[in-house]
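Pasting the sequence and the predicted model now:
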Amino acid sequence: MKIDDLARSWARYPILWSPRVSGDGQWLAWTWTGITETGEVWIAPTDGSQPPERITEGKDHFYVRSLSQDGSQLILAQSIGSNEHDQLFRLDRASGGLEALTPLQSTSYVFGGALTEDGGAVVYTADLVNGEPVEGSRIQRLDLSTRRTHVLAHAKSFYDLEPEISPDGDLVLYGSYDADPNGNQMWVVGIDGSGNREVLNAGARFKTRAHWLGKGSRLLVQAETESHDRVGLLDLETGALRWLIDDPRRNIDAVVAGQDGRSAMILEYADGRLMAKWLDVETGVEQLFILPETSLKPIAQLPGGDWVCERYSAARGHDLVRIEPVTMRVTNLTRSSERFRGCTHPARDFRWTSSDGLPIQGWLYEPEGESRGLVVNVHGGPTWHSEDWVTPFIQFMVGAGFTVLDPNYRGSTGFGRAFREAIKKDGWGGAEQDDIRTGIEALLAAGKAERGKIGVMGLSYGGYSSWIAITRFADLVDAAVPICGMYALDIDYHATEMPHGRAFSIEMMGGTPEQLPDRYFRASPQNFIKNIKGRLLIVHGLADSNVSPENTKVACRDLMAAKIPFDLMTFDDEGHGIYKAGNREKLLLRIERFFSKAFA
């Protein structure tokens, strides 16, 4: 396939976002980016009787936050140019009417948007009330008939997870980082604002999660310990907490509560792959919930016991399916192959040892025929991970003839708490960057890479790692493409519009730039640009409220002052990532040309 056609194809690969199921279990809605110019909402019945139907059309992406009990109403979120300052809408499927619920704004953040069972109110977290910014977070109920906003609870720190309404509609579950940015506690408050109380606290520096289990007053909880995550059952009426799984050997990443009141799905990782397990919370019995040659991520349980899941692998793509848990019978709800005709390339497990002896895992993609060079694609986060799944940038580069390594450096999720926390020992720019460098060296030793043809690229933290690679590993790395990446960590800390972004920097770095100036200095690529020898392409969405474009503005100024050549590509209508189909196509073509010239 010609490069232009390959870029066009992968820019339009259907990427799934925020799947949600209606209260009666009859409808599933989600966002697809790629198929259309912007991300639009699609809906399909969960019995597979009808193909997906597109129900939005906008100049910016729409994301699903919740569905009404019967699926006739949806709460959606949209922001200007994907700047993440969301505005909530209510969509009526029958009329097609789209009604704004919160003001259009560009300063604050709104998380969630859960409809009450009667459809009369929406609950969300925000740092604005009636259109006015406030400090910290407010758990709010917006009555849709009167348009009055009721503040149910507040926290001094900003909380960036969605609140959950109890199945009986009486309580709202939410979290707080007030004690320490490293950890959080779970709280409940009445839907009328009464009875606000803490219900789960694993310690100030430990993270917790909780989800309503069935229609009673019980919560399925997940809590960190010093060595691992454990899973338990909390009864709000009695206060009794019973641990169901408490095993340091297990890498539990998340839990999904069932609708029947006794089923839960444990999302656990082994050898870098998701291994979902069904758990009976009454007996403690577990059983694998897997399909051959793919990963299966449970999303929600339906009445009757079936589960809606995302099924995926790099070789076969991503689809939403319905699974009967006893027979593992599959009902396809989406068929990505019908909307994407390109060729995918499989991911191969690749492992090496870092400079301090820590084992590191990643995914290796190799082209057919002779490789044109190695490109390391570093995932963002850093509290995220890569799996055997489809990443359009990776697939495009492999199709264009490049070898790609996708490393899970320390700090990545899915490998246990000790691995996840290891990045905090030195702070950003420390040993996790050695994990990436030693991965390159392992490929060189294995004959899978060639000196003079080595590049690094990535989004967000991957963009930061690309900056690190071109400045710190200048004798090894020949080209870098930082996309929406941090260039100077002190600038990033102060310029980000996200209060929760600053809290995250404090957690990862151990303090603020003023408290730890030397650590921030050592971790900032800005202070090492004199080392650059290779080629540099800087990419940024100018509507990015996460990693501020001020990073790129200062980088360009510094590079020009130092007479260091670079290429620049910006997008006025993109935020933290390049997701509009036309823009992605342009970026893919630019990246291919960039690495081709760098490796020539």
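Right, received. Where do you want to start?

ok, which stretches of the stretch 251-400 of the chain are strands?
252-257, 263-270, 273-280, 286-288, 295-301, 307-313, 317-324, 329-332, 348-353, 359-365, 374-378 (DSSP state E, counting those that start in this stretch).

Packed most tightly, which of the ones you listed would that be?
strand 374-378 (a mean of 28; mean count of other CB atoms under 10 Å). All C-beta atoms are positioned from the backbone trio N, CA, C, and that covers glycine.

Report the strands that pair with it, each with its relative direction.
Note on strand 374-378: by DSSP bridges, its sheet partners are strand 403-408 (parallel), strand 454-459 (parallel).

Can you check the pLDDT for the most centrally placed residue in the chain?
Geometric centre of the chain, nearest residue: residue 384, 6.8 Å, by CA atoms, centre = their mean. Looking at residue 384, its pLDDT is 94.

Let me know whether it touches residue 412 as I believe.
Yes: between residue 384 and residue 412 there is a contact at 6.7 Å, judged by CB atoms under 8 Å.

which of the residues in the helix or strand where residue 189 lies are buried?
Assessed by DSSP states H and E, residue 189 sits inside strand 185-190. Within strand 185-190, the residues scored as buried using 16 or more other CB atoms under 10 Å are 185-189.

what do you get for stretch 569-576?
If you call a residue buried by 16+ other CB under 10 Å, then stretch 569-576 has these buried ones: 569, 571, 573-576.

before we move on, the earlier item: next structured bit after the strand holding residue 189?
As assigned by DSSP H and E, the chain's next helix or strand after strand 185-190 is strand 197-200.

gap between the closest residue to residue 383 other than its chain neighbours and residue 498?
Leaving aside its sequence neighbours, residue 383 sits nearest to residue 413 (CB to CB, 6 or more residues apart in numbering; 5.7 Å). Distance, residue 413 to residue 498, by CB to CB, to the nearest Å: 20 Å.

where are the low-confidence patches of this protein?
The chain contains no residues with pLDDT under 70.

quick one, longest helix in it?
The longest helix of the chain (DSSP state H) is helix 581-599.

ok, residues contacting that helix?
Residues outside helix 581-599 that contact it (CB atoms under 8 Å, 6 or more residues apart in numbering): 3-4, 6-8, 10-12, 33-38, 372-373, 375, 392-393, 396-397, 400, 402, 452-453, 455, 457, 478-479, 481, 534-535, 537, 539, 567, 569, 571, 573-574, 578.

which of those residues count as buried?
Here, 16+ other CB under 10 Å leaves 3, 6-8, 10-12, 33-38, 372-373, 375, 392-393, 396-397, 400, 402, 453, 455, 457, 478-479, 481, 534-535, 537, 539, 569, 571, 573-574, 578 buried among the contacts of helix 581-599.

what's residue 404 in contact with, if anything?
Each residue near residue 404 by CB under 8 Å, 6+ apart is listed here: 364-365, 374-377, 394, 397-398.

for residue 410, same thing?
354, 358, 360, 419-420, 422-423, 431-432, 435.

now swap in residue 202 and tell me
Counting by CB under 8 Å, 6+ apart, residue 202 touches 183, 185, 208, 223-225.

switch to 10 Å and redo it
Applying CB atoms under 10 Å, 6 or more residues apart in numbering, we find residue 202 in contact with 183-186, 208, 221-225, 229-230.

How about residue 87?
60, 76-80, 100-106, 110.

give me the beta-bridge partners of it?
According to DSSP bridges, the partner residues bridging residue 87 are residue 78.

Distance-wise, check it relative to residue 130.
Distance, residue 87 to residue 130, by CB to CB: 14 Å.

would you list every one of the strands in the stretch 101-250 of the chain?
Per DSSP E, counting those that start in this stretch, the stretch 101-250 of the chain carries strands over the ranges 110-115, 121-129, 132-143, 149-155, 164-165, 171-176, 185-190, 197-200, 208-212, 218-224, 229-235, 241-245.

Give the partner strands of the fourth one in its sheet and their orientations.
For strand 149-155, the pairing partners within the sheet under DSSP bridges are strand 132-143 (antiparallel).

okay, the angle between the strand it pairs with and strand 110-115?
Per axes from the mean of the first three to the mean of the last three CA atoms, to 10 degrees, the angle that strand 132-143 makes with strand 110-115 is 10 degrees.

Tell me what angle strand 132-143 forms with strand 171-176.
Angle, strand 132-143 to strand 171-176, by the same axes, to 10 degrees: 160 degrees.

Could you verify my assumption that the residue nearest to the centre of the chain touches residue 460?
Yes: between residue 384 and residue 460 there is a contact at 9.0 Å, judged by CB atoms under 10 Å.

residues shared between the contacts of these two?
By CB under 10 Å, 6+ apart, no residue touches both residue 384 and residue 460.

Single out the most deeply packed of the strands paired with strand 374-378.
For those, the largest average neighbour count (mean count of other CB under 10 Å) is found in strand 454-459, namely a mean of 28.

where's it relative to the chain centroid, distance-wise?
With CA atoms, centre = their mean, to the nearest Å as the basis, strand 454-459 stands 19 Å off its chain's centre.

for stretch 309-327, same thing?
From the chain centre to the centre of stretch 309-327 is a distance of 19 Å (CA atoms, centre = their mean).

Share the number of residues neighbouring residue 368, please.
Neighbour count for residue 368, taken as other CB atoms under 10 Å: 10.

pretty sure it is touching residue 400, no?
No: checked against CB under 10 Å, the pair residue 368 and residue 400 is beyond contact range at 11.4 Å.

how about TSV for the buried residues of strand 185-190, with distance to residue 137 added?
Below are these laid out as TSV (distance: CB to CB, whole Å):
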residue	distance to residue 137
185	13
186	14
187	11
188	15
189	12
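
taking the buried ones among the contacts of helix 581-599 one by one, which sit in strands?
If you go by DSSP state E, the buried ones among the contacts of helix 581-599 have 33, 375, 455, 457, 479, 481, 535, 537, 539, 569, 571 in strands.

The first one: what's it in contact with?
Taking CB under 10 Å, 6+ apart, we find residue 33 in contact with 11-17, 39-40, 61, 63, 392, 577, 579-581, 584.

repeat for the fourth one
Contact partners of residue 457, counting by CB under 10 Å, 6+ apart, are 375-378, 393-394, 397, 404, 463, 465-466, 469, 479-483, 485, 537, 539, 591, 594-595.

give me that answer again for 8 Å
Listed by CB under 8 Å, 6+ apart, the contact set of residue 457 reads 375-378, 393, 466, 480-483, 591.

between the residues you listed, which is closest to residue 50?
Among the contacts of residue 457, residue 393 lies closest to residue 50 (CB to CB), at 32.6 Å.

so what's the residue lying closest to that closest one once chain neighbours are set aside bridging to?
Leaving aside its sequence neighbours, residue 393 sits nearest to residue 377 (CB to CB, 6+ apart; 6.3 Å). On the basis of DSSP bridges, residue 377 is bridged to residue 457.

Residue 377 reaches residue 391, doesn't it?
Yes: under the criterion of CB under 8 Å, residue 377 makes contact with residue 391 at 7.0 Å.

all helices in the stretch 451-600 of the chain, in order from the N-terminus.
For the stretch 451-600 of the chain, the helices defined by DSSP state H, counting those that start in this stretch cover 461-472, 489-495, 499-509, 517-523, 550-561, 581-599.
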